[in-house]
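> pasting a predicted model and its sequence here:
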Amino acid sequence: MTKPKVFVARRIPEEGLNAIRAVCDVDVWPEQLPPSADELLRRVKDCDGLVSLLTDRVDARLLDAAPQLKVVSNFAVGFNNVDVPACTARGVCVGNTPGALTDATADIAVTLLLAAARRISESAADAKEGRWLTWEPLGWLGSDLAGRTLGIVGMGRIGFATAKRLHGGWGMTVLYTARGPKADADQALGATRVELDELLERSDFVSVHADLNPSTKGLFGAAQFKKMKRTSVFVNTSRGPLVDQSALAEALRSGTIFSAGLDVTDPEPLPTTHELYKLPNCTIVPHIASATIETRNAMARLCANNLLAGVRGEPLPNWVNPDVAEKRRK
Ligand SMILES: NC(=O)C1=CN([C@@H]2O[C@H](COP(=O)(O)OP(=O)(O)OC[C@H]3O[C@@H](n4cnc5c(N)ncnc54)[C@H](OP(=O)(O)O)[C@@H]3O)[C@@H](O)[C@H]2O)C=CC1
Ligand SMILES: O=CC(=O)O
């Protein structure tokens, strides 16, 4: 019997690849940079399965060029790179990797929050570049976390894990926005659901965890930064397009807010000439929130399980569009 054909759009940890190779005929993109849209289309056109990354756009054009495709297994929890309705319309299953990267991402949110509050990138650069002249009573002053108010925008898995760390570790009071009540957060953390404006006005630290969707694209602009305290710290580990970066740069430059920490930008990579890099109160890391060995291995396992279920016509363990089963029955 011929094996299902699968294209893996980048090298992923071996344990995921090996599980797929045991069942499928696998073509792995060998380069560091992603395939171009045309190359992706060429590689996937006679495939049954695709392992995509968040840098790969899976759209109607690609799907139409790959009529055999049964499953798109995204090596990420966020799936804004995939046109899910277009997949569903064509009977293509979409999988993602929720949970496996929750702790690693929450750890980076806390890391960025501390780094931005305590001016770590600015003071480290000063030390390295000879501006550390003496111990300074008034030098590099940041702000405390203990007992302050944390605003979580999007109380999902990662928002909750971040709030748990900061409430448990630093006794922070937790406010959050969500599309519905979150009983777990209310009970476990004494958290309070509020409107975004109130969260911005009351929080000392704002950490963004909502997924990118039409209701969150451009959620943070000049008006939102103006509502925040001048002492506040802003952290984004979700997706770059939630934030108007020019407005953020202006807020940081003018002292409208104190500092920011970003794991995600728009575009990615952010060009090295970008104004945000020039601001000492902005810490930027290259989308590394899930980058631990354990987490990437766990993601690879979930990704392989979704892929294999999809090529076999079975329910995906982490299924973004389970309504595709209904579509296939019709
Ligand atoms: N930087 C990185 O490397 C990583 C980034 N991410 C990003 O983090 C996101 C969240 O992941 P995860 O926590 O696992 O996903 P979840 O789906 O558990 O959490 C997302 C939350 O955002 C909420 N939300 C959506 N729209 C709004 C809105 N308009 N206002 C308020 N809340 C809203 C959702 O609400 P509801 O409960 O109503 O659906 C949901 O609770 C991913 O989509 C991805 O973009 C994730 C992992 C790593
Ligand atoms: O950004 C990473 C993800 O898994 O989503």
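Structure's in. What do you need? Numbers count the residues shown, from 1 in each chain. Ligands and ions are numbered 1, 2, ... in the order given.

> so who does the closest residue to ligand 1 within the stretch 101-250 of the chain touch?
Across the stretch 101-250 of the chain, the shortest distance to ligand 1 (C-beta to the nearest ligand atom) belongs to G156, at 1.8 Å. Any C-beta I mention is one placed from the backbone N, CA and C, and that applies to glycine too. Applying C-beta atoms under 8 Å, 6 or more residues apart in numbering, we find G156 in contact with 209-211.

> and those as CSV, adding secondary structure?
CSV is the format used below for the contacts of G156 (DSSP: H, G, I helix; E, B strand; the rest coil):
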residue, secondary structure
H209, coil
A210, coil
D211, coil
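
> which of the residues you listed come close to ligand 1?
Taking C-beta under 6 Å from any ligand atom as the test, ligand 1 is in contact with 209-211 out of the contacts of G156.

> quick check: the gap between E136 and V72.
E136 is 54 Å from V72, where distance means C-beta to C-beta, to the nearest Å.

> neighbour-wise, which of the two wins?
Using other C-beta atoms under 10 Å as the criterion, E136 and V72 rank with V72 on top: 31 against 9.

> and the next helix or strand past the helix or strand the more buried one falls within?
Assessed by DSSP states H and E, V72 sits inside strand 71-74. As assigned by DSSP H and E, the chain's next helix or strand after strand 71-74 is helix 84-89.

> redo the ones next to ligand 1 among the contacts of G156 as CSV? Include distance to ligand 2 and pLDDT.
Below are the ones next to ligand 1 among the contacts of G156 laid out as CSV (distance: C-beta to the nearest ligand atom, whole Å; pLDDT from 0 to 100):
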residue, distance to ligand 2, pLDDT
H209, 11, 98
A210, 12, 98
D211, 8, 98
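
> return the member of the residues you listed nearest to V26.
V26 has its nearest neighbour among the ones next to ligand 1 among the contacts of G156 in D211, at 29.3 Å by C-beta to C-beta.

> and that closest one, how far from A116?
Noted for D211: a distance of 22 Å to A116, by C-beta to C-beta.

> and those two? Which one has more around it.
A116 (26 against 16).

> the chain against ligand 1: which residues are in contact?
Counting by C-beta under 6 Å from any ligand atom, the positions of the chain adjacent to ligand 1 are 77-78, 98, 101-102, 105, 154-159, 177-180, 209-213, 215-216, 237-239, 263-264, 287, 289-290.

> which of these are buried, as a ChimeraX select command?
A single ChimeraX command selects the buried members of these (16 or more other C-beta atoms under 10 Å):
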select :77,78,98,101,102,105,154,155,156,157,158,159,177,178,209,210,211,212,216,237,238,239,263,264,287,289,290
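
> mind checking which of the residues of the chain next to ligand 1 land in helices?
Mapping the residues of the chain next to ligand 1 onto helices (DSSP state H) picks out 102, 105, 157-159.

> ok, the strand holding V72: who's next to it in the sheet?
Taking DSSP bridges as the criterion, strand 71-74 forms sheet pairs with strand 49-52 (parallel), strand 93-95 (parallel).

> what does the longest one contact?
What that stands for is strand 49-52. Identification of contacts with strand 49-52 by C-beta under 8 Å, 6+ apart yields 4-9, 12, 20, 24, 44, 58, 66, 69-75, 81-82, 303, 307, 310-311.

> which helices and strands sit right next to the following helix or strand past it?
Sequence order places helix 60-65 as the next helix or strand after strand 49-52, per DSSP H and E. Judged by 3 or more C-beta pairs under 8 Å, 6 or more residues apart in numbering; DSSP states H and E, the packing partners of helix 60-65 are helix 37-44, helix 84-89.

> need the ones you listed in JSON lines (columns: mean pLDDT and mean neighbour count).
Converted to JSON lines, the helices and strands packed on helix 60-65 look like this (pLDDT from 0 to 100; neighbours: other C-beta atoms under 10 Å):
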{"stretch": "helix 37-44", "mean pLDDT": "98", "mean neighbour count": "17"}
{"stretch": "helix 84-89", "mean pLDDT": "98", "mean neighbour count": "17"}
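
> tell me which of the ones you listed lies nearest to ligand 2.
Nearest to ligand 2 among these is helix 84-89; the distance by C-beta to the nearest ligand atom comes to 14.1 Å.

> dump that closest one to PDB, restricted to CA.
Coordinates of each C-alpha in helix 84-89 appear next as PDB, following Å, rounded to 0.1, in the frame of the first residue of the first chain:
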ATOM      1  CA  VAL A  84      -9.600  27.800   8.900                       C
ATOM      2  CA  PRO A  85     -12.900  28.400   7.100                       C
ATOM      3  CA  ALA A  86     -11.200  27.700   3.800                       C
ATOM      4  CA  CYS A  87      -9.900  24.400   5.200                       C
ATOM      5  CA  THR A  88     -13.300  23.500   6.600                       C
ATOM      6  CA  ALA A  89     -15.000  24.300   3.300                       C
END
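
> flag every residue of the stretch 101-250 of the chain that's near ligand 2.
Checking the stretch 101-250 of the chain against ligand 2 by C-beta under 6 Å from any ligand atom, the hits are L101.

> A188 falls within a helix, correct?
Yes. A188: assigned to a helix according to three-state DSSP.

> and it, how many neighbours?
Neighbours of A188 (other C-beta under 10 Å): 15.
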